[in-house]
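> Give me coordinates for this.
(one chain, ligands or ions: 1)
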Amino acid sequence: MILYDERLVSREEADIDIEDRAYQFGDGVYEMIRVYHGRPFYMDEHLARLERSATEIRLSLPYPITRLKQLLLDLIQQNHLEEGNVYIQVSRGVAPRYHGFPEQARPLVIAYTQHAKRPLAELNHGIKAVTTEDIRWLRCDIKSLNLLGAVLAKQTAIDHGAKEAILVRDGIVTEGSSTNIFIIKDGTLHTHPANHLILNGITRQVIFKLADECEIPISETTFSKEALESADEVFLSSTTMEICPIVEIDGRPVGQGVPGPVTKQLQEAFVNEIKRTTLA
Ligand SMILES: Cc1ncc(COP(=O)(O)O)c(CN[C@@H]2CONC2=O)c1O
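Residues are numbered from 1 along each chain as shown. Now for the predicted structure:
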């Protein structure tokens with residue numbers, strides 16, 4: 001089943017109009033929520049961010065977020081999703097093609113589930129990344145459907161045999177194409193401030209909580225590409241990749257070229273947070 005507007009229907013019943021503004025303009029917002037043990041992980045935080053993203057593009061959700069939450073819980077249950085993701089998207093709706101907002105169009109909510117195991121190989125062994133210029137717009141804090149900058153960056157990584165592209169704007173590391181980036185230097189965590197140049201990741205917010213609990217110092221400050229290259233440890237964070245070590249950047253090893261101790265400590269704390277919130 002999928003969620004289409006306000007109903008759970010078969011995927012075949014979903015008819016997306018060729019003048020849907022998400023399809024023509026990328027005019028919409030989205031969220032990706034992880035499910036462990038059949039329970040959504042930090043769903044309220046994701047839905048709060050969805051509401052904020054919609055507000056920031058002046059899009060009114062077609063029904064209350066509490067109704068959406070219940071529909072998503074029903075979708076997870078109907079699809080027997082034990083471990084995987086729920087993708088939610090809200091389009092500004094269908095209208096004759098014109099850049100300005102349509103006079104009247106009902107925003108269209110769709111959501112569907114994906115069965116997906118945890119990326120254990122990447123989590124245990126780390127991944128390779130490349131750096132590339134951050135060419136995206138200046139409202140990266142909005143989780144919008146305008147993802148072409150991210151798509152091109154991700155493909156650059158793939159073209160170089162890497163898993164993620166680390167974005168650099170005016171010499172400063174912002175984030176990954178679909179992740180947040182953290183470095184560790186002399187035991188302190190550093191990550192870009194949550195402003196208009198990055199998405200304030202939910203996983204990023206969990207990491208702040210876990211670092212505090214683990215008494216790992218964390219500094220929300222910008223850092224340069226040079227600081228990235230000389231870091232003791234680097235990792236990325238996202239709903240789908242959790243806390244994933246980066247062991248090679250632009251062909252050069254990070255630290256000893258293997259996941260570092262602080263990263264592994266946070267990974268262990270993250271697994272405990274999954275158990276605490278989805279097994280209770
Ligand atoms: C640009 C960007 N930065 C950071 C993040 C990490 O945010 P979360 O911790 O809230 O996931 C994402 C998530 N991208 C989602 C995660 O999975 N697939 C996506 O498109 C992202 O697209």
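
> C-alpha from now on. contacts and neighbour counts both.
OK.

> ok, Val109 - how many residues close by?
Residues near Val109, counting by other Cα atoms under 10 Å, number 23.

> Pretty sure it sits against Tyr87.
No - in this structure, Val109 is not within contact of Tyr87 by Cα atoms under 8 Å, at 10.6 Å.

> Report the residue spans of the stretch 151-280 of the chain with pLDDT below the cut-off.
Counting by pLDDT under 70, the stretch 151-280 of the chain contains no low-confidence segment.

> quick one: the helices in it?
202-213, 225-229, 261-278 (DSSP state H, counting those that start in this stretch).

> For the protein, what lies in contact range of the ligand?
Contacts of the chain with the ligand, taken as Cα under 6 Å from any ligand atom, map to 32, 177-180, 199, 201-204, 237-240.

> OK, now which residue of the stretch 1-150 of the chain is nearest to the ligand?
Sorted by distance to the ligand under Cα to the nearest ligand atom, the residues of the stretch 1-150 of the chain start with Met32, at 5.6 Å.

> Please identify the next secondary structure element, helix or strand, after the helix or strand hosting that residue.
Per DSSP states H and E, Met32 falls inside strand 28-36. Per DSSP H and E, the first helix or strand lying C-terminal to strand 28-36 is strand 39-40.

> Now for the closest residue to Thr156 other than its chain neighbours, how many residues are close by?
Nearest residue to Thr156 in three dimensions, chain neighbours excluded: Ala165, at 7.0 Å (Cα to Cα, 6 or more residues apart in numbering). Neighbourhood size, Ala165 [other Cα under 10 Å]: 30.

> Surely Ala165 touches Thr132?
Yes - under the criterion of Cα under 8 Å, Ala165 makes contact with Thr132 at 6.4 Å.

> Mutual contacts of those two, please.
Ala153, Thr156 (Cα atoms under 8 Å, 6 or more residues apart in numbering).

> What is the burial count for Glu220?
Count around Glu220 with other Cα under 10 Å applied: 13.

> Thr131 touches Leu167, doesn't it?
Yes - judged on Cα under 8 Å, Thr131 makes contact with Leu167 at a distance of 5.8 Å.

> So for these two, which residue has more residues nearby?
Leu167 (25 against 19).

> for the residue of the chain positioned farthest from its centre, helix, strand, or coil?
Here the chain reaches farthest from its C-alpha mean at Glu103, the gap being 31.7 Å by Cα atoms, centre = their mean. Three-state call for Glu103 (DSSP: H, G, I helix; E, B strand; the rest coil): coil.

> ok, now Val90?
Counting by three-state DSSP, the backbone at Val90 sits in strand.

> Now it: closest residue in space that isn't a chain neighbour?
Distances taken as Cα to Cα, 6+ apart put Val109 closest to Val90, at 4.5 Å, once the chain neighbours are dropped.

> what's that neighbour in contact with, if anything?
Leu3, Tyr4, Asp5, Glu6, Pro62, Ile88, Gln89, Val90, Ser91.
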